[in-house]
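Asker: What follows is a predicted structure for the sequence shown.
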4 protein chains.
Amino acid sequence: MPDSSPRSAILLIFCPDRSGLVAAVTDFIARSNGNILHLDQHVDAQENVFFMRVEWDLARFSIAPEHIGTQFGLVADRFQMTWQLHFSSHVPRMAIFVSKESHCLYDILYRYQAGEWQVEIPLIISNHPDLGSVAEKFGIPYRVFPITAETKAAQEQQQIELLKETSVDLIVLARYMQILSEHFVSQYPNRIINIHHSFLPAFAGAKPYHRAHGRGVKIIGASSHYVTAELDAGPIIEQDVVRVNHRDSVDDLIRKGKDVEKLVLSRAVRYHLQRQVLVYNNKTVIFG
Amino acid sequence: MPDSSPRSAILLIFCPDRSGLVAAVTDFIARSNGNILHLDQHVDAQENVFFMRVEWDLARFSIAPEHIGTQFGLVADRFQMTWQLHFSSHVPRMAIFVSKESHCLYDILYRYQAGEWQVEIPLIISNHPDLGSVAEKFGIPYRVFPITAETKAAQEQQQIELLKETSVDLIVLARYMQILSEHFVSQYPNRIINIHHSFLPAFAGAKPYHRAHGRGVKIIGASSHYVTAELDAGPIIEQDVVRVNHRDSVDDLIRKGKDVEKLVLSRAVRYHLQRQVLVYNNKTVIFG
Amino acid sequence: MPDSSPRSAILLIFCPDRSGLVAAVTDFIARSNGNILHLDQHVDAQENVFFMRVEWDLARFSIAPEHIGTQFGLVADRFQMTWQLHFSSHVPRMAIFVSKESHCLYDILYRYQAGEWQVEIPLIISNHPDLGSVAEKFGIPYRVFPITAETKAAQEQQQIELLKETSVDLIVLARYMQILSEHFVSQYPNRIINIHHSFLPAFAGAKPYHRAHGRGVKIIGASSHYVTAELDAGPIIEQDVVRVNHRDSVDDLIRKGKDVEKLVLSRAVRYHLQRQVLVYNNKTVIFG
Amino acid sequence: MPDSSPRSAILLIFCPDRSGLVAAVTDFIARSNGNILHLDQHVDAQENVFFMRVEWDLARFSIAPEHIGTQFGLVADRFQMTWQLHFSSHVPRMAIFVSKESHCLYDILYRYQAGEWQVEIPLIISNHPDLGSVAEKFGIPYRVFPITAETKAAQEQQQIELLKETSVDLIVLARYMQILSEHFVSQYPNRIINIHHSFLPAFAGAKPYHRAHGRGVKIIGASSHYVTAELDAGPIIEQDVVRVNHRDSVDDLIRKGKDVEKLVLSRAVRYHLQRQVLVYNNKTVIFG
């Protein structure tokens, strides 16, 4: 349900492909005087699955926002659609997890305070106190949960409770150097975005820049993905790369890589916040 | 009308934006049992113009191909739509114009003979005899029309007649070093694709690599566009770039630039052949 | 002269090309037990000019830092070399000029406080009070000089005096929306770096994103250059681009462009601080 | 020894780093009146290894080409240098190995006949007859060696003999779908260049585009490398990438990938022919 009177609604849909799907959805919108602002549709011919994102103006839409879901449900059921309904008025709440590296954090906080994204950031969580001063600069609560092998389960439970209390919708791991447990991940399916500092699937796991340097690659990259139980194997949202050469030491790779990491993470967060992402078969559809 | 029994139909549409447009078109398709394969839609909010490309399967479509246009015309008229109807079975006929540089010509002919595009190339036209041997390698007629200031008008008229006789749909200027007259261009509106060897609008006109070198740019590019009466000012279809540095002489720029030129031209030709391009206000919409 | 005991020295040289230049310089270094860390050399064959950057370890160099210049001058004179000598121990002092946009400022200040660059930032100057709070977050003095046509000359004079008092070596225009006068520019030749939000020479001057949108380009860019008397016509240090499409409004171009602007500006600043740049004929040589 | 009177000589050197190396080499050149055209030098600080490429004009060089090696050997021995001497007049002889895909072959043959590279191509070898007609277009002998598990060793021996008879210096695997035996590879160390259709080390081995599609990557790439005994694990010479999205099927990845493959392979071949590559520790130094 919308936070306040929304200006537009977004439907994300997937279902078995058949004829009449676009017509059924757009007819539902048109019959009640909705004007479509964006529509993007895709059919995975190999899997025979239909994907669609449609956003429409609610200004003269004759169904009240709180009844749209019920009404659309009748259409959806006819076609076995899996669907989500979002309203432009909803402001998602996002928690950031960090360790000691500040480049992604600064990049996110700059965009936040410049109003580039529609989001609230009520909380920064870390396993180290180091970046508390950055959080303070931007006036955001910073909570430290030191993690050891022994305390991990208990600390994660505390984190989860804090996240629930804070009504967090989305978690961004901005170079958080801890692996979340399967239990934690299961609480936020497709709602935890990580940035991995390699061009996945190359160099999954630890020390990717050292391994990239050792292999003598001519390009390095970064990958943002939804976190799943398997390390660095979740659905990829965005990737990008930068050219390196034999003059670059591991430290140069780390430095150049940071500039890619922050861009790739921020683009992924934006796609998520704009409701442009659908996950299917451990892959993402990114709507235009 | 389709050449043979087509498997799919494509509609390209633009019109003033209002509600119900997508529903009207997709309902037209669904009512007669067409299954939508791709739909991409865009609204230019500033100009209040609606753009759409939709492709659907004709396997069980109950309207015969030769009547689709008439029937859809009734829908289109209600919404003041400007529209084109294409069939997948139609194989466009493309003429290539060249002068002395062979890189774009080879790139196109490689794709042609590898079957990468759905196209016929019945004719290569040049103002020089130099590339006749390349045409011969691929078994394509090569016609030379030497151009001087005096003969230009007459030669162009001959070219146009030859193009009409050969039933050419699309002309590709693959580094053709002559400026076509306004009269010639008017015969093939939005059906002549040129490659300009700069990142337009920078360095429009002659000797772009020399001027790029003189200015000390760090990146050079290439731009493919539909030819209009004004030189290098037509709607841009595709652009790409490549990095250069102070070590690169003008000859290096020319060499590196060729690799970009051929890619950018071939991508533009593909977009056109796939019916992915709509021109509006001297700009292109490239549908996904 | 070095600030403290330097670990390495850098020579930047250009002169008419002839044989024996590299040998003369490297022999000068080797004879006094200097170990070369980096050497990059370039000959502009068209202009017959030789360029070179060499950095060597001073650990066992037998000439004291304060005498290197005098001694090398004897070599340089033989070959009509124009040269600069820098020491790794010198920490340049950099002033940032801003107006209302904060993206480049944040990017620079993040790198500054993360220690990515060897630099001091003693001063931020603006023609508006808006970004004072950002300066405060990082504890850097922020001085406002409102500019009108009437006050411009006087205000610039005040700025110059403040810059001299603060011993500033380098000025970075981080989206400063005022054109510096020829007099101001002449005080800091090749020491004022600007970021222009277009892929120069396309869209020099005002509102480049609006003009890029109007032209329908498929790629936008940013260019950093040394400021000269002619607007947006100084030696280009670095450029980069990002792909856009018909869905992108002017606001989207502005948003996407910001991410390129800050990277391109920061790379240019780094090249300058690392003494990797030589200016010649209104172009830059960027040594590796 | 040079084929005819050479215009320039190139030295490629590596050795333990110490002071005086550049001076020793450039002094050797200067003393005999050689004018340095290009010099690029690199120190791997981690491994303490010095790398250098220097090219000089022989117009007034007082040592005859056939004696340069002996004379330079005296300098090299003092510093335990490993070195190669090349002359600009030498035209390398290159054999191309192909299977059924023609895109890389066409790209190479276009460059060959356009005179873009200084090279002779006396021979194309394949395990299939399919591309014989392409070879014929360009007038190059095409030899077919069908390979089965049983015949492989014998056929490779025949290939090696043919390559020796033809005085081939360099072998380019232009999408040759056979794995060369360790014995074959040992005959041409760092002289066999392969193109692998993935961004190595991701997706080494078979069917990389299928696996990239399955993983849902947002960028695909291609990698050229010297062939070693271990599959797809040799020193990387060049890599590049292209963006893909959820709309792209495996066939689209293959099509887009081909355009990257041919560029990456041709750039690697050029680096090799220009003597810009040094191999060390299974990595390449690419000199500028």
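Answerer: Happy to help now that I have it. Computed from a predicted structure; not experimentally measured.

Asker: which residue ranges form the helices in chain A?
Answerer: Using DSSP state H, the helices assigned to chain A run over residues A:21-31, A:65-78, A:103-113, A:132-137, A:152-165, A:182-187, A:208-215, A:250-273.

Asker: what inclination does the third one have with respect to helix C:250-273?
Answerer: What that stands for is helix A:103-113. 140 degrees (axes from the mean of the first three to the mean of the last three Cα atoms, to 10 degrees).

Asker: contacts for helix A:103-113?
Answerer: A:96, A:98, A:117, A:119, A:121, A:124, A:131, A:134, A:137-138, A:140, A:172, A:174-175, A:195, A:258-259, A:261-263, A:265-266, A:269, C:102-103, C:106-107, C:110, C:114 (Cβ atoms under 8 Å, 6 or more residues apart in numbering or on different chains). Just so you know, the C-beta spots here come from the backbone N, C-alpha and C atoms, and that holds for glycine as well.

Asker: Just the buried ones from the residues you listed?
Answerer: A:96, A:98, A:117, A:119, A:121, A:124, A:131, A:134, A:137-138, A:140, A:172, A:174-175, A:195, A:258-259, A:261-263, A:265-266, A:269, C:102-103, C:106-107, C:110 (16 or more other Cβ atoms under 10 Å in any protein chain shown).

Asker: JSON lines for the helices of chain A, including mean pLDDT and distance to residue B:8?
Answerer: Formatted as JSON lines, the helices of chain A follow (pLDDT from 0 to 100; distance: least, Cβ to Cβ, whole Å):
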{"stretch": "helix A:21-31", "mean pLDDT": "95", "distance to residue B:8": "15"}
{"stretch": "helix A:65-78", "mean pLDDT": "97", "distance to residue B:8": "25"}
{"stretch": "helix A:103-113", "mean pLDDT": "97", "distance to residue B:8": "42"}
{"stretch": "helix A:132-137", "mean pLDDT": "97", "distance to residue B:8": "54"}
{"stretch": "helix A:152-165", "mean pLDDT": "98", "distance to residue B:8": "48"}
{"stretch": "helix A:182-187", "mean pLDDT": "97", "distance to residue B:8": "42"}
{"stretch": "helix A:208-215", "mean pLDDT": "96", "distance to residue B:8": "44"}
{"stretch": "helix A:250-273", "mean pLDDT": "98", "distance to residue B:8": "30"}
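
Asker: Reformat those as CSV; add distance to residue A:54.
Answerer: Listed next are the helices of chain A as CSV, based on distance: least, Cβ to Cβ, whole Å:
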stretch, distance to residue A:54
helix A:21-31, 6
helix A:65-78, 11
helix A:103-113, 27
helix A:132-137, 38
helix A:152-165, 31
helix A:182-187, 29
helix A:208-215, 38
helix A:250-273, 17
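
Asker: In contact with the closest residue to chain B within the stretch 151-288 of chain A, which residues?
Answerer: For the stretch 151-288 of chain A and chain B, the shortest gap (Cβ to the nearest Cβ) falls at residue A:288, measuring 6.2 Å. Residue A:288 is in contact with A:38, A:40, A:276, B:40, B:288, C:247, counting by Cβ under 8 Å, 6+ apart.

Asker: farthest residue from the center of chain A?
Answerer: Largest separation from the mean C-alpha position in chain A: residue A:247, at 34.9 Å (Cα atoms, centre = their mean).

Asker: Name the residues of the stretch 101-250 of chain A found near chain C, please.
Answerer: Contact residues (Cβ under 8 Å from any Cβ of the partner chain) of the stretch 101-250 of chain A with chain C: A:102, A:103, A:106, A:107, A:110, A:114, A:116, A:137, A:138, A:247.

Asker: and with 7 Å instead?
Answerer: For the stretch 101-250 of chain A, the contact set with chain C under Cβ under 7 Å from any Cβ of the partner chain comprises A:102, A:103, A:106, A:110, A:114, A:116, A:137, A:247.

Asker: per-residue pLDDT, residue A:6?
Answerer: pLDDT for residue A:6: 81.

Asker: cool, and residue A:3?
Answerer: 50.

Asker: if we can go back for a sec, got a list of what the residue farthest from the centre of chain A touches?
Answerer: By Cβ atoms under 7 Å, 6 or more residues apart in numbering or on different chains, the contact set of residue A:247 is C:288, D:42.

Asker: and it, how far is that from residue D:234?
Answerer: Distance, residue A:247 to residue D:234, using Cβ to Cβ, to the nearest Å: 21 Å.

Asker: CA atoms only: put stretch A:7-14 into CSV for me.
Answerer: C-alpha atoms of stretch A:7-14 as CSV (Å, rounded to 0.1, in the frame of the first residue of the first chain):
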residue,chain,number,x,y,z
ARG,A,7,1.6,9.4,-8.8
SER,A,8,2.3,6.1,-10.6
ALA,A,9,2.1,2.4,-10.1
ILE,A,10,4.5,-0.3,-11.4
LEU,A,11,3.8,-3.9,-12.1
LEU,A,12,6.5,-6.5,-12.4
ILE,A,13,5.2,-9.8,-13.9
PHE,A,14,6.5,-13.2,-15.1
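
Asker: if we look at that stretch, which residues are touching it?
Answerer: A:25, A:37, A:49-58, A:68, A:72, A:81-89, A:275, A:278, A:280.

Asker: Can you go through those residues and name the buried ones?
Answerer: Buried members of these, counted by 16+ other Cβ under 10 Å: A:25, A:37, A:49-58, A:68, A:72, A:81, A:83, A:85-89, A:275, A:278, A:280.

Asker: Alongside chain D, which residues does the stretch 51-200 of chain A contribute?
Answerer: So far as Cβ under 7 Å from any Cβ goes, the stretch 51-200 of chain A lies against chain D at residue A:199.

Asker: Any residue of stretch A:42-59 touching chain B?
Answerer: Yes: Stretch A:42-59 lies within reach of chain B by Cβ under 7 Å from any Cβ, at residue A:43.

Asker: That stretch - what's its average pLDDT?
Answerer: Stretch A:42-59 comes out at a mean pLDDT of 94.

Asker: close to chain B, is stretch A:260-279?
Answerer: No: Stretch A:260-279 is not in contact with chain B by Cβ under 7 Å from any Cβ; minimum separation 13.3 Å.

Asker: ok, the residues of the stretch 101-250 of chain A next to chain C vs chain D, which is closest?
Answerer: Among those, and counting by Cβ to the nearest Cβ, the member closest to chain D is residue A:247, at 6.1 Å.

Asker: And the pLDDT at that closest one?
Answerer: 94.

Asker: go on, residue A:288?
Answerer: On the pLDDT scale, residue A:288 gets 87.

Asker: And for whatever residue of the stretch 1-150 of chain A ends up closest to chain D, the neighbour number?
Answerer: Nearest to chain D, among the residues of the stretch 1-150 of chain A, is residue A:42, at 6.1 Å (Cβ to the nearest Cβ). Using other Cβ atoms under 10 Å in any protein chain shown, residue A:42 has 23 neighbouring residues.

Asker: from the contacts of stretch A:7-14, which ones fall inside strands?
Answerer: Among the contacts of stretch A:7-14, DSSP state E puts A:37, A:49-57, A:82-87, A:278, A:280 in strands.

Asker: Please work out how many residues are found near residue A:33.
Answerer: 16.

Asker: for residue A:151, same thing?
Answerer: Residue A:151: 12 neighbours (other Cβ under 10 Å).

Asker: same thing with the one 5 residues further on?
Answerer: Residues contacting residue A:156 under the criterion other Cβ under 10 Å number 18.

Asker: contacting residues around it?
Answerer: Contacts for residue A:156 (Cβ under 7 Å, 6+ apart) come out as A:181, A:184.
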